[in-house]
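> 3D model of this:
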Amino acid sequence: MTDPAPPAAGTAMRARTPIPARLWLMLAAMVVAQAATTVVTAAPAFLIPHLLENEQMTLTAAGLLAGAPNLGLVLSLVAWGAATDRFGERRVILVGLALAVVAVAASMLVHGFVPLGIALVASGAVSACTNSASGRLITGWFPAERRGFAMGIRQTCQPLGMAIAALGVPPLAAFGGISAAFALGGALCALSLVGCWIIVRDPERAPSRVARRDDPASAKTVSAGNPYRESSALMRIHAVSMLLVVPQFALSTFGLVWFTVGLGWSALAAGALVAASQFAGAACRILVGAWSDRAMSRLGPLRIVAIAGIAALLLAAAFGWAEWSLPAAAAYLVASCVSVADNGLAFTSVAELAGPGWAGRALGIQNTGQFVAAAAVGPAVGALIGALGTPAALAILALAPAVAVPLVPRPEAERGLRG
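Modelled structure (predicted):
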């Protein structure tokens, strides 16, 4: 079966192009692959109670192990993106998933804090293979007028992977120990490896060329040069994403504490609210992606989402100050949805503006910046809540999207660059 040709570079978002079933299968394969690697990196965090009770670790030691995979991610994202630009998406995904299976197996076999920590850093480093490659694959195959919707679906992989880890890791650890808990992510990566080997194919991208003097229209609309030297748009989007990821991680990290300790909810009720916010956020990513397709712009909706983030955080803070429990829960749900809605927009915009020759590296830089910003959320926001309380912290966090709004590039920056 011949693979369908990807959209030609420079295709504008006009009529809605019918999408062959094979492309939806590739999108599904990318969601499964990214969710599987998310399970690998998230598993140690859900092992903390087991490590404290059964392995006699201190909270500090358990926390270091929980953060080890994220360290590996941050160190390797740009390198995987560069490898994707050079060798193609399929090869990077297959090699990376195979290495992830090996790294997970190593983490199941080693003993002791230091060897386990090294194995988990390695697991995170190889799990980063899917981040840039899956995004580059989607922008390569899907036409521009359906790309936002497709990327929104792809962005559901993180909450899906987190949900699988939350449901699977603790009972597996109780039944079979650390090795059984890690085996979940390894098994999912192995299954995903087989699926990607069968389904995933690289897009056929025409090489860029220089316009002839007698025919300027013959030039490709996407430059093959370094896009960071040609415009500040990519750096501005990276900065916007780093700012907007702060309320996202603050809400997901401290939501449970706010409603149990601050507002007197039961742990079950507060946990259900936080879980609902994750699934609602996943749906919001898809809806906003489809909106960007219809608007024929990623940056316009991104600016509106950032403005909505300011209002949602201030509303949640106001209800928190008033101690109106149910309105605060509704505002928290809305704020959580808005705080994740920008992810797919920024990710798609970065890939489109960077062009096929630089998309992998640009997406790697995008993810690296977000992970670095997210790493600072825990201690910084925790200290803020400890000093001023959750409502005041939420009000102060509204400064992040407020600063992000003027940094969003004008929609003119993306015209003619979405091939």
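> starting at the chain centroid, how far to the helix or strand hosting residue 348?
Residue 348 is located in helix 325-354, with elements delineated by DSSP states H and E. When distances are taken as C-alpha atoms, centre = their mean, to the nearest Å, helix 325-354 is centred 11 Å away from the chain's centroid.
> what ranges in the chain fall below the confidence cut-off?
Residues of the chain meeting the criterion pLDDT under 70: 1-17, 205-224, 415-419.
> list of residues touching stretch 306-325?
240, 244, 247, 258-259, 262-265, 327-328, 331-332, 334-335, 338-339, 341-342, 390-392, 394-395, 397-398, 400-402, 404-405, 408 (C-beta atoms under 8 Å, 6 or more residues apart in numbering). Quick note: C-beta positions are derived from backbone N, CA and C, even for glycine.
> just the buried residues out of these, in ChimeraX syntax.
A single ChimeraX command is used to select the members of those judged buried by 16 or more other C-beta atoms under 10 Å:
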select :240,244,247,258,259,262,263,265,328,331,332,334,335,338,339,341,342,390,391,394,395,397,398,400,401,402,404,405,408
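> tell me the first helix or strand C-terminal of the helix holding residue 348.
Per DSSP H and E, the helix or strand that comes after helix 325-354 is helix 359-388.
> what's that following helix packed up against?
helix 59-87, helix 129-141, helix 233-257, helix 325-354, helix 390-397 (3 or more C-beta pairs under 8 Å, 6 or more residues apart in numbering; DSSP states H and E).
> what residues sit buried inside that helix?
The neighbour-count check on helix 359-388 (16+ other C-beta under 10 Å) flags 359-371, 373-374, 377, 381, 384-385 as buried.
> centre of the chain to it, how far?
Chain-centre distance of helix 359-388: 12 Å, with C-alpha atoms, centre = their mean.
> tilt between it and helix 129-141?
Interaxial angle of helix 359-388 relative to helix 129-141 (axes from the mean of the first three to the mean of the last three C-alpha atoms, to 10 degrees): 120 degrees.
> helix 359-388 vs helix 233-257, what angle?
Interaxial angle, helix 359-388 versus helix 233-257 (the same axes, to 10 degrees): 40 degrees.
> got the angle between helix 359-388 and helix 59-87?
Here the directions of helix 359-388 and helix 59-87 differ by 160 degrees (the same axes, to 10 degrees).
> am I right that residue 409 is in a helix?
No - applying DSSP: H, G, I helix; E, B strand; the rest coil, one finds residue 409 to be coil, outside a helix.
> pretty sure it is touching residue 297, no?
No - using C-beta atoms under 8 Å, residue 409 is not in contact with residue 297, being 10.7 Å away.
> how far does the helix or strand containing residue 53 sit from its chain's centre?
Here residue 53 sits within helix 48-54, counting by DSSP H and E. For helix 48-54, the gap between its own C-alpha mean and the chain's C-alpha mean amounts to 28 Å (C-alpha atoms, centre = their mean).
> in that helix, what counts as buried?
Residues of helix 48-54 classed as buried: 48, 50-51 (neighbour count, 16+ other C-beta under 10 Å).
> tell me the spacing between residue 349 and residue 357.
The gap separating residue 349 from residue 357 is 17 Å, by C-beta to C-beta, to the nearest Å.
> what do you get for residue 174?
Distance from residue 174 to residue 357, by C-beta to C-beta: 49 Å.
> settle it for me: which of the two has more neighbours?
Between residue 174 and residue 357, counting by other C-beta atoms under 10 Å, residue 357 is the more crowded of the two (19 against 14).
> hmm, the more buried one is touching residue 82, no?
No - counting by C-beta under 8 Å, residue 82 is not a contact partner of residue 357; they are 11.1 Å apart.
> rewinding a little: export the helices and strands packed on helix 359-388 to JSON lines and tack on distance to residue 21?
Formatted as JSON lines, the helices and strands packed on helix 359-388 follow (distance: least, C-beta to C-beta, whole Å):
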{"stretch": "helix 59-87", "distance to residue 21": "25"}
{"stretch": "helix 129-141", "distance to residue 21": "12"}
{"stretch": "helix 233-257", "distance to residue 21": "32"}
{"stretch": "helix 325-354", "distance to residue 21": "22"}
{"stretch": "helix 390-397", "distance to residue 21": "43"}
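> nearest to residue 225, of those?
Between residue 225 and these, the tightest spacing by C-beta to C-beta is seen for helix 325-354, at 10.9 Å.
> what angle separates the closest one from helix 359-388?
Using the same axes, to 10 degrees: helix 325-354 against helix 359-388 is 150 degrees.
> ok, residues contacting the helix holding residue 53?
57-59, 61-63, 65-66, 170, 173-174, 177-178, 181.
> of those residues - the most surrounded one?
Neighbour max across the contacts of helix 48-54 (other C-beta under 10 Å) = residue 181, 25 neighbours.
> my read is that residue is in a helix, agree?
Yes - assigned with three-state DSSP, residue 181 falls within a helix.
> how much space between it and residue 44?
Taking C-beta to C-beta as the measure, residue 181 falls 9 Å from residue 44.
> same deal with residue 69?
6 Å.
> got the CA coordinates for the helix holding residue 53 in CSV?
Provided in CSV are the C-alpha atoms of helix 48-54 (Å, rounded to 0.1, in the frame of the first residue of the first chain):
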residue,chain,number,x,y,z
ILE,A,48,6.8,7.3,46.6
PRO,A,49,4.4,5.8,49.2
HIS,A,50,5.9,2.3,48.5
LEU,A,51,9.4,3.6,48.8
LEU,A,52,8.7,5.2,52.1
GLU,A,53,6.9,2.3,53.6
ASN,A,54,8.6,-0.8,52.2
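> next, count neighbours for the closest residue to residue 287 other than its chain neighbours.
Leaving out its chain neighbours, the residue that sits closest to residue 287 by C-beta to C-beta, 6 or more residues apart in numbering is residue 152, at 7.2 Å. By other C-beta under 10 Å, 27 other residues sit near residue 152.
> surely residue 152 and residue 285 touch.
Yes - here residue 152 reaches residue 285: they are 4.6 Å apart, a contact under C-beta under 8 Å.
> what's the angle from the helix or strand where residue 190 lies to helix 129-141?
Assigning secondary structure by DSSP H and E places residue 190 in helix 157-199. Counting by the same axes, to 10 degrees, helix 157-199 lies at 70 degrees to helix 129-141.
> can you list contacts of the next helix-or-strand element following helix 157-199?
Under the assignment DSSP H and E, the closest C-terminal helix or strand after helix 157-199 is helix 227-230. With C-beta under 8 Å, 6+ apart as the test, helix 227-230 has contacts from 223, 234-235, 353-355, 358, 362.
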